[in-house]
Each structure stands twice: as structure tokens, then as C-alpha cells.
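Participant: quick one: sequence plus predicted model below, questions after.
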Amino acid sequence: MNTSAQADIKWQVVSNGYFYECGESTAIYFDRASGDTHLISDFAAYLLQRLDRESQPLDTTEIIELIRDEIETDNLPELSSTLTGILQELTSLDLVAPT
């Protein structure tokens with residue numbers, strides 16, 4: 001998939017759950033819909049919580065604009081790459097979905 005097509009995909013949370021024992025680099029997430037428990041990165045947990053607060057799905061560019069002031073990075077290409085990987089991870093766990 002090319003970069004412009006990836007930017008057009010909108011993302012939304014599809015399964016609500018609970019966070020437990022959020023540490024410095026990981027969080028335990030219980031998915032109420034599936035009954036599964038996941039160990040996810042702290043950034044994945046942050047992103048999942050941030051997306052859950054939005055009233056509509058967001059594309060990658062909108063997500064970056066939303067979070068860039070809250071995280072400490074000036075490297076937008078790296079942030080975009082990391083974000084894409086985290087969204088793929090959360091999609092594979094059925095926690096977020098593209099629309």
C-alpha cells in the first residue's frame with residue numbers, strides 16, 4: 001500500500017476495555033469484547049486511549065497532529081512509521097479497525 005493510500009485510511013477503536021498495571025514501557029489491556037488480555041507498549045496504550053476519546057475516526061495525519069504536541073519528538077517521519085506499526089499491531093489484536 002502506498003503512503004498516500006495509508007494516509008487516507010481512518011482509524012477507530014472497535015473494542016473497549018480496561019488498562020491494568022501501566023508501567024514505564026508496557027500496559028496490560030483487558031479486551032471486554034473478546035475476553036482476551038494483551039501486553040501492549042505504553043505508546044500503544046496511549047494511542048488507544050487517545051483514539052477512544054475521539055468522536056469520529058481519524059487518519060494518520062490527523063492522529064499525528066493530535067498527539068505531536070503531547071509527545072516529545074521532532075522527527076515526524078519516525079513518528080509516522082512508529083504510528084503505522086502500532087496501528088497494525090492494534091488492528092491484529094482487533095482493538096482498532098480501519099474504516
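Facilitator: Received, thanks. Residues are numbered from 1 along each chain as shown.
Participant: show me where this protein has helices.
Facilitator: Remark: helices of the chain, listed N- to C-terminal, are 3-8, 42-52, 60-67, 76-92; assignment by DSSP state H.
Participant: ok, for the spatially most central residue of the chain, nearest residue in space, not its chain neighbours?
Facilitator: Closest to where the C-alpha atoms of the chain average out (Cα atoms, centre = their mean) is L47, at 3.8 Å. Leaving aside its sequence neighbours, L47 sits nearest to I86 (Cβ to Cβ, 6 or more residues apart in numbering; 5.6 Å). Placement of C-beta: from N, CA and C, glycine included.
Participant: what's near enough to touch that neighbour?
Facilitator: Shown in contact with I86 (Cβ atoms under 8 Å, 6 or more residues apart in numbering): S41, F43, A44, L47.
Participant: what does the pLDDT read for the last one?
Facilitator: It stands for L47. Here the pLDDT value assigned to L47 is 93.
Participant: which of the contacts of I86 are buried?
Facilitator: Neighbour-count burial (16 or more other Cβ atoms under 10 Å) is assigned, among those, to F43, A44, L47.
Participant: and the last one, how close does it get to P77?
Facilitator: Separation of L47 from P77 (Cβ to Cβ, to the nearest Å) stands at 18 Å.
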